[in-house]
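Visitor: Got a sequence here, can you model it:
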Amino acid sequence: MSFTRNHRYPSVKKRFAIWAALFSASTLAMPATALASNERESLTTDSERYFKSEDIFNLEYVSEVQVSPNGKYVAYVRRSNDIMSDSSRANVWLASVDGKSNRPLLSSKKNYYSIRWSPDGSRLAYLSNEEGKPQLYVRWMDTGQTALVTNVTSSPSNITWSPDGKHIAFTMSVDAKEKPLDVKMPKKPDGAKWSPSFQYITKARYQADGRGILEPAYTHVFVVPSDGGTARQLTSGNYHHNGRLSFSPDSDKIYFSANRSDNWEYEPVEGDIFSVDMMGNIEQLTNDKGLESSPVVSPDGKYIAYARRDDEKVMYKNSYLYVMKSDGTDAKNLTKDVDNSVSNFHWKDNKHVYFQQSVRGLAQVDVVSLSGSVKAVAKGLGGTTLGRPYVFGTYHAVGDVVAYTKGRTDRPADLYVTTRNERQLTALNEDVLGHKQLGEVKEIVYSSSIDGEEIQGWYILPPNYDSSKTYPLILEIHGGPNLAYGPVFTAELQRMAAEGYVVFYDNHRGSTGYGERFALLLQGKYSSEYDFSDHMSGVDALIEKGIADPERLFITGGSAGGIASAYAIGLTNRFKAAVVAKPVINWLSKVLSADSGLYQIPFQFPGKPWDNVEHYWKRSPLSLVGNVTTPTMLITGVDDKRTPMSETEQFYQALKIEKVDSVLVRVPESPHGIASKPSRMIGKVENILAWFKKYDSAQSQNTQVEAQ
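Guide: Purely as a prediction, here's the structure:
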C-alpha cells in the first residue's frame, strides 16, 4: 500500500465539476439510444461510488500518538490492512506540530508500535516483530540507527523510560513452574509417538479469550539498560504486576498497580499502588477497598496521580482521578464532579493533570488543577475502530501541546493536535473515500416508551436518500453493555447503508458517557424489556418520521448486542429477520464456561447461579425461545472464550426444535473478535446482508425483475 496516496486525486468538488462538464458536453449530441446506454453506465458509476466491502482493505487510521518532549513533533502509529496476509500493519510516522512535515520513521511489512520518546527526545523506543517475537528496540533520531534492546521470550508491555534515560522498564509474563501432581509415567521408547502430555488446570482464572487455556504464569516488572543488555526482573511472587509504570524523578523507583493478595483470583476490582526500587524492594502505598491503578508521578516527584474505582458489587462504577503525595498520604479526588469514568493521565505541569473521558458518544480530553477545576481541552476523539462506531480514541500531551486521534462520520481517525487552536495533521483516507458517496449520519434523541428515559441514537441514511420514500431499517445494537457508540466512522454500518438500508444504533440505558446512574439502569436487568423498549422506541420514532418502512425491519448485534438481539426476537415478531452474533443465550451455563464468569457472577447477578436459578433464567434469551418466529442467523468464532460457541449452539438447537428457519455460521480460528481480521469483517457484514436480503420481500422482487 502506498503511503503517498493522499495526493493522487483532485478535490471532491473539482472532480465533480470536471465530471459534470464532461457529462453535459457529451450528452448534447447523443442520440436517444446512446443516451439510454449512457444512463445505464451512469448507474454503474454511481454504484461504484458507494462503499464496498473490498474498500475495507484500503482503510487506514491513527492508533497511537506521542508528543516529543520539546513539543515540536508527534510520532504516531499508522495502521493499514494487508490484503495478502489478511492482517493489520502498524508503521510509525513523524509529523511536525506546525503541519509542515509528515514522513515515515519505521515503515515496512513488519509491525512497529508502543512508541515512547526518551526524556531528552533524542531516541524513540518501540516494540516490533522484526525478529519474529515482539522485542524492544530504540531508534536514534539524529541518525536513524536502531538497536535491538531485548531478546526475551515473552512480549514486553507498558514500556517506560527512566527520567535519566539510562533504563527502560516494562512488564512481561513469566512462566511459573507449578506441578500439581507427581505423576510417574513409563519411559517412552526412542522413536515412539505418544499422545501429547495431559494438561493440568488448577487456577480459577484458567482461560482467556484470544489466548485459550492459560499456562501458569505471572506478570512482573522488568528493567533493561536503554542501550541494550540483560533484562532484570524486579518484582517477585505469584501475583500479576501489570498496567502503567511510572518512574520517580531520581530514576530509583518504579510505581505500579497490583493485587498482591493470596485471594487475587476472586478479586477482579481490587488493586493497590506499589513501588519497587532497583534492588527489588517493594513498598505498598495505598490500601483502599477497590482498584487503584495507572500511577503517574508528577515532574517534581511530589505527587502521584492514579485511577480509583470502589469495590461495590455492581456492573459499573465510575473510575476517578485521585492525587496523593508520593509517600501515599493525603489522597484527594480531583474529578468527583465528573460523572463519567476517567483515564489516560498525563501531568501538564506540577499543578495540572490531563485526563480522558467519554461524553454522549464522543471522547474528549480535559485538564484538572490540583484544586479540582476542570476544563475541556479537545473534543471529538474517536475513529480508531474500523468496524463498528465505538467511542474509542486516545491522546498524548506535553505542556500545552495535545495530540489525539479524531475522525468524522465519513472518515476513520486522523492525527490532530491543539495548542490553542485545533489542527489536522493527516488525511489518510482521501484516496479511498474522497470519491465515495457515504451514508449521512444523523442524530436522534427520543424518550423510551417504558419509562420516559432519554435515549440518544444515530441513523445512517443510504446514499442518494430520497425523503419521499421509506427504507428498510437495520437496528444494530452495541456490545458491553457498558460501552457506547457514537457519530464516528463505521465500515460495517456504512456497508449496510450502501445496500439501501437505514441503519439505526443507539446508546440504550447501560451505555457509558451518560453518568453512573444511567450506566446502572440495567443492573440485574440485562437483557430485559427495558433495553428492548429503548431500541424499539427509536425504531418507532424513525417510522413516525417517514424514514423507515415498518414492514421491512431487521435486527442484529454482537456480544451484549447479540444477547439483546436474541432477547428481542423473543419479545416481538416485528423483525423480518435477525442476525445474532456471538451471544449469551443461557446465563446459567455462560458464567460457568466463559473467561469472564468470575467477574460477572458477583458484580452482575444477585448471587451464584445455583442459588438464583430463576433470576439467571429470566435474563437468558433461551427462556423466550418458544416465542421466536423470526428467521435467525447465528454467527460466532470457533475459539470464542468470552461468549463460547456452546451458547450459540444451544440457541441454534432450540430454534431447530421450534422449527424456526435458522442457520449457524462458525468462524474458524476466531476468538470473540470475529471482525479482527479484514476478511472476517467483510465476511461478517456480507453474511448479515445476504441473510436480510433473503427475507426482504422488496429486495427479492427486485432481484427477480433484474433476472428476467
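Visitor: May I see the buried residues of stretch 458-473?
Guide: Going by neighbour count (16 or more other Cβ atoms under 10 Å), the buried part of stretch 458-473 is 458-463, 470-473. For the C-beta atoms, the positions are set from N, CA and C on the backbone; glycine is no exception.
Visitor: Same check on stretch 74-89?
Guide: Going by neighbour count (16+ other Cβ under 10 Å), the buried part of stretch 74-89 is 74-81, 88-89.
Visitor: thinking again about what came up before, looking at the buried residues of stretch 458-473, which are in strands?
Guide: Mapping those onto strands (DSSP state E) picks out 458-460, 471-473.
Visitor: Which one of those is nearest to N507?
Guide: Minimum distance to N507 across these is 8.9 Å, recorded for W458 (Cβ to Cβ).
Visitor: Can I get the ones in strands among the buried residues of stretch 458-473 in CSV including distance to D250 and pLDDT?
Guide: Below are those laid out as CSV (distance: Cβ to Cβ, whole Å; pLDDT from 0 to 100):
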residue, distance to D250, pLDDT
W458, 50, 98
Y459, 56, 98
I460, 54, 98
Y471, 64, 98
P472, 65, 98
L473, 61, 98
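Visitor: Kindly reformat those as TSV containing distance to V297.
Guide: Output for these, formatted as TSV (distance: Cβ to Cβ, whole Å):
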residue	distance to V297
W458	40
Y459	46
I460	45
Y471	55
P472	55
L473	52
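Visitor: quick revisit: ok, which pair from the buried residues of stretch 74-89 is furthest apart?
Guide: Farthest-apart pair in the buried residues of stretch 74-89 is V74 and N81; separation 22.9 Å (Cβ to Cβ).
Visitor: Now I83: closest residue in space, sequence neighbours ignored.
Guide: Nearest non-adjacent residue to I83, counting by Cβ to Cβ, 6 or more residues apart in numbering: F57, 4.4 Å away.
Visitor: now, which of the buried residues of stretch 458-473 sits nearest S236?
Guide: Of all those, S236 sits closest to W458, with 50.0 Å by Cβ to Cβ.
Visitor: I'd like the distance between that closest one and V417.
Guide: Applying Cβ to Cβ, to the nearest Å, the value for W458 to V417 is 27 Å.
Visitor: With pLDDT and distance to P156 added, can I get the buried residues of stretch 74-89 in TSV?
Guide: Formatted as TSV, the buried residues of stretch 74-89 follow (pLDDT from 0 to 100; distance: Cβ to Cβ, whole Å):
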residue	pLDDT	distance to P156
V74	98	23
A75	98	18
Y76	98	20
V77	98	16
R78	97	21
R79	97	20
S80	96	24
N81	94	25
S88	92	20
R89	94	20
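Visitor: With distance to L234 and secondary structure added, can I get those residues in JSON lines?
Guide: Output for those, formatted as JSON lines (distance: Cβ to Cβ, whole Å; DSSP: H, G, I helix; E, B strand; the rest coil):
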{"residue": "V74", "distance to L234": "31", "secondary structure": "strand"}
{"residue": "A75", "distance to L234": "27", "secondary structure": "strand"}
{"residue": "Y76", "distance to L234": "30", "secondary structure": "strand"}
{"residue": "V77", "distance to L234": "28", "secondary structure": "strand"}
{"residue": "R78", "distance to L234": "33", "secondary structure": "strand"}
{"residue": "R79", "distance to L234": "32", "secondary structure": "strand"}
{"residue": "S80", "distance to L234": "37", "secondary structure": "strand"}
{"residue": "N81", "distance to L234": "38", "secondary structure": "strand"}
{"residue": "S88", "distance to L234": "33", "secondary structure": "strand"}
{"residue": "R89", "distance to L234": "33", "secondary structure": "strand"}
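Visitor: Any chance of the residues you listed in CSV with distance to L521 as columns?
Guide: Below are the buried residues of stretch 74-89 laid out as CSV (distance: Cβ to Cβ, whole Å):
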residue, distance to L521
V74, 39
A75, 41
Y76, 38
V77, 37
R78, 39
R79, 35
S80, 40
N81, 38
S88, 35
R89, 41
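Visitor: all strands for the stretch 201-350 of the chain, in order.
Guide: All strands of the stretch 201-350 of the chain, identified by DSSP state E, counting those that start in this stretch, fall at 207-208, 212-213, 217-225, 232-233, 241-247, 253-258, 272-277, 282-284, 291-297, 303-309, 320-325, 332-333, 343-347.
Visitor: Any chance of TSV for those, columns mean pLDDT, mean neighbour count and distance to R509?
Guide: Listed next are the strands of the stretch 201-350 of the chain as TSV, based on pLDDT from 0 to 100; neighbours: other Cβ atoms under 10 Å; distance: least, Cβ to Cβ, whole Å:
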stretch	mean pLDDT	mean neighbour count	distance to R509
strand 207-208	91	16	29
strand 212-213	90	12	34
strand 217-225	96	20	35
strand 232-233	96	13	46
strand 241-247	96	22	30
strand 253-258	98	24	31
strand 272-277	98	22	33
strand 282-284	97	14	38
strand 291-297	98	23	24
strand 303-309	98	24	21
strand 320-325	98	21	22
strand 332-333	98	14	26
strand 343-347	98	20	22
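Visitor: export these to a markdown table and tack on distance to P180?
Guide: Output for those, formatted as a markdown table (distance: least, Cβ to Cβ, whole Å):
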| stretch | distance to P180 |
| --- | --- |
| strand 207-208 | 17 |
| strand 212-213 | 14 |
| strand 217-225 | 15 |
| strand 232-233 | 24 |
| strand 241-247 | 24 |
| strand 253-258 | 24 |
| strand 272-277 | 29 |
| strand 282-284 | 28 |
| strand 291-297 | 30 |
| strand 303-309 | 34 |
| strand 320-325 | 40 |
| strand 332-333 | 44 |
| strand 343-347 | 38 |
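Visitor: now P389: how far from D272?
Guide: In terms of Cβ to Cβ, P389 sits 36 Å off from D272.
Visitor: what's the answer for I569, then?
Guide: 45 Å.
Visitor: Quick check: which ranges of the stretch 101-250 of the chain have low pLDDT?
Guide: Scanning the stretch 101-250 of the chain for pLDDT under 70 picks out nothing.
Visitor: if we go to 90?
Guide: Across the stretch 101-250 of the chain, the ranges flagged by pLDDT under 90 are 131-132, 176-180, 182, 197, 199-200, 202, 204, 206, 213-216, 242.
Visitor: Stretch 399-416: end-to-end distance?
Guide: Stretch 399-416 has its terminal residues 16 Å apart, counting by Cα to Cα, to the nearest Å.
Visitor: That one: how far from the chain's middle?
Guide: 16 Å (Cα atoms, centre = their mean, to the nearest Å).
Visitor: swap in stretch 332-339?
Guide: Computed by Cα atoms, centre = their mean, the chain-centroid distance of stretch 332-339 equals 25 Å.
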